[in-house]
Structures are given as structure tokens and as C-alpha cells.
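K.L.:
here is the input, now give the coordinates:
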Amino acid sequence: MITNFFNNNLNIHNVYLLNLVYTVIFYIILKIIGKIFSYASKKYATDEKKQYIINKRNKSLLSIIFVIAILIIWREEFRDIITLISFISAALTLAIREIIYNYFCGIYIKISKPFKIEDRIKVGEKIGDIININPLSFEILEVCEETNQSTGKIIHIPNTEIFSSDITNYNTAFKYIWDEISVYIDVNSNIDEAKNIFLNIINANDIIKDTPKKMQKEIKNSISNYRIYYNKLTPIIYTKLLENKIVLTARFLIHPKKQRNVESDIYEKLIYDYKKNNIKLV
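P.N.:
Got it, this is the predicted structure:
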């Protein structure tokens with residue numbers, strides 16, 4: 001009776017209506033299954049990262065199943081649909097060319113992996129940590145360039161940005177970067193003593209202390225893919241004369257997400273030594 005109503009009043013063929021009903025029913029079933037998977041992941045996967053990965057994989061799997069089901073349900077009608085698409089393909093391509101472009105850029109991201117979840121990247125002038133990658137876009141949790149800490153803002157970036165903007169990945173080969181801190185001392189100061197104090201402060205930091213060994217291991221793991229080598233991985237102090245001041249610049253390896261805390265610790269200890277007159281800052 002319902003099919004007759006649609007057929008007589010809306011000129012919808014019974015076959016199309018049945019296929020539409022089957023499609024809706026199958027979609028509802030998959031949504032229910034998706035909810036069950038999501039509930040199960042929250043219950044049995046205590047780690048939030050594992051929950052996220054499981055949910056992403058489940059969504060991808062259910063999407064593939066839904067597409068296959070559509071192809072099966074509508075297989076006989078696809079001939080007419082393809083014929084119709086052939087007449088409007090040019091206009092359709094123009095209308096959704098950005099979507100298509102973003103989609104294929106998303107495939108490129110999946111295959112080449114210029115970045116992955118939790119990587120810190122810089123896209124043009126925007127810096128942040130990757131928190132999600134979709135077929136058409138990716139999201140970063142914005143990071144302030146000056147402080148290297150999160151602003152709490154989520155930025156949605158189209159996948160096409162990977163070709164139209166410069167991409168800097170802080171974690172491609174390894175997750176540590178070189179950081180530098182400079183201090184100015186009086187030209188009449190004892191340079192050797194000042195350098196020793198400065199270097200001892202840096203080497204005393206627990207995070208900096210353990211980094212060279214970790215970096216060495218990551219270099220060994222990535223040497224087959226990247227021509228990267230360093231002669232020195234431990235902290236070093238460089239000296240420079242600037243007008244009537246001596247500039248001491250410390251260079252050391254650090255994880256970008258820990259950079260601000262480490263710098264704060266070093267500066268606090270430098271101020272402490274300055275107040276004890278161990279080092280004369282200007």
C-alpha cells in the first residue's frame with residue numbers, strides 16, 4: 001500500500017523505494033553496531049589513545065561495509081545512474097572540485113604519511129599538534145610559537161594545504177629538536193667559570209640528561225630513510241663577543257612539548273646563581 005502511494009503520487013518506482021528502505025535500514029543497523037563498538041572500546045580499552053584508534057578503525061570499517069552494501073543493493077540501478085552522471089559530470093566536477101581535490105590529498109596523506117596523530121607540525125604560519133585526520137581535512141591543537149604550549153584552539157585545515165603551504169614536521173625522523181638559550185655576561189667576567197656554571201645547570205636537568213641516548217637510538221632507526229647525522233648530541237656552549245658583552249649560547253636537544261618547562265628550569269637556576277654572584281649577568 002505504501003509503495004503504491006509513492007508510485008502513484010510521487011512517481012517513484014517500487015524497486016527504487018524498496019532499495020531506499022533497505023539502504024536506510026542497513027544504515028541504522030550500522031549506526032547501532034557503531035554505538036556498540038564505541039561502548040565496548042570505552043569499557044575494555046582503558047587507555048584514551050587506544051580508544052581513539054579503535055573508534056577510528058571501527059568507523060572506517062563500517063564506512064567500507066556501508067559502501068559495499070550500497071553497491072549490492074543498487075547494483076541493477078547503477079546502469080541508469082551512470083548514464084545520468086555522464087550528462088552532468090562536467091558540471092558536477094566543477095561544483096565539487098575542491099572536495100575531490102581534498103579527498104585525493106587525504107589519500108596521499110594516508111599513503112605517504114607526511115605527519116601522523118600527535119605529531120607537532122607547522123603549516124604556513126600555524127603551529128599545532130595533530131589530533132585528527134579526516135578524508136577531507138585534518139585538525140591541529142594550536143600551539144603558541146613563542147611559548148611552545150597549547151592555546152586550546154582547534155584549527156581545521158583542508159588537506160590541500162599540504163601542497164599549497166610549507167609543512168614543517170617536528171617529529172618526522174625523530175621527536176627531538178635542537179633548542180638554544182643565550183645569556184649575556186660582563187666582558188670582564190671569568191669566561192671559563194661562567195661556561196662551566198651554565199653547562200652544569202643544563203646537564204643537571206633530568207630531561208636534557210636522558211635525551212642524547214634516546215636521540216642516538218632514533219637516528220639509528222631512521223638512518224635508512226634519511227641522510228641525517230650529528231657529530232655531537234650532548235649539550236655544548238658557544239661563545240660570542242657582542243659590543244661590550246659576552247654572549248654564551250647553550251645548544252641542547254629537547255622534546256618540543258617539554259621545551260618551555262626545561263627553559264624555565266634553566267633560567268631559574270641561572271637567576272639563583274646570579275644572586276649568589278656565581279655568574280655576572282648583564
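
K.L.:
do I have it right that Ile177 meets Ile254?
P.N.:
Yes - assessed by Cβ atoms under 8 Å, Ile177 is found in contact with Ile254 at 6.6 Å. Where you see a C-beta, it was placed from the backbone N, CA and C, and this is true even at glycine.

K.L.:
between those two, who's got more neighbours?
P.N.:
Ile254 (21 against 15; other Cβ atoms under 10 Å).

K.L.:
excluding its backbone neighbours, what's nearest the more buried one?
P.N.:
Spatial nearest neighbour of Ile254, chain neighbours left out: Asp179 (4.6 Å); criterion: Cβ to Cβ, 6 or more residues apart in numbering.

K.L.:
what about that neighbour, how many residues close to it?
P.N.:
Number of residues near Asp179 (other Cβ under 10 Å) recorded here: 20.

K.L.:
am I right that it sits in a strand?
P.N.:
Yes - membership of Asp179 in a strand is supported by DSSP: H, G, I helix; E, B strand; the rest coil.

K.L.:
which residues in the chain form strands?
P.N.:
Counting by DSSP state E, one finds strands in the chain at the ranges 120-123, 126-133, 137-143, 150-158, 167-169, 177-186, 236-242, 245-254.

K.L.:
any idea how far the first one is from the middle of the chain?
P.N.:
Averaged C-alpha coordinates place strand 120-123 at 7 Å from its chain's average position (Cα atoms, centre = their mean, to the nearest Å).

K.L.:
pLDDT on it, on average?
P.N.:
Strand 120-123 shows a mean pLDDT of 90.

K.L.:
so what touches it?
P.N.:
Contacting residues not belonging to strand 120-123 are listed as 115, 127-130, 140, 143, 157, 161-162, 165-171, 256-257 [Cβ atoms under 8 Å, 6 or more residues apart in numbering].

K.L.:
please pick the buried ones from those.
P.N.:
Judged by neighbour count, with 16 or more other Cβ atoms under 10 Å as the criterion, the buried members of those are 115, 127-130, 140, 143, 157, 161-162, 169-171, 256-257.

K.L.:
and of the residues you listed, the nearest to Gln216?
P.N.:
Asn171 (16.7 Å; Cβ to Cβ).

K.L.:
the closest one touches Asp119, doesn't it?
P.N.:
Yes - Asn171 is within contact range of Asp119, at 4.5 Å (criterion: Cβ under 8 Å).
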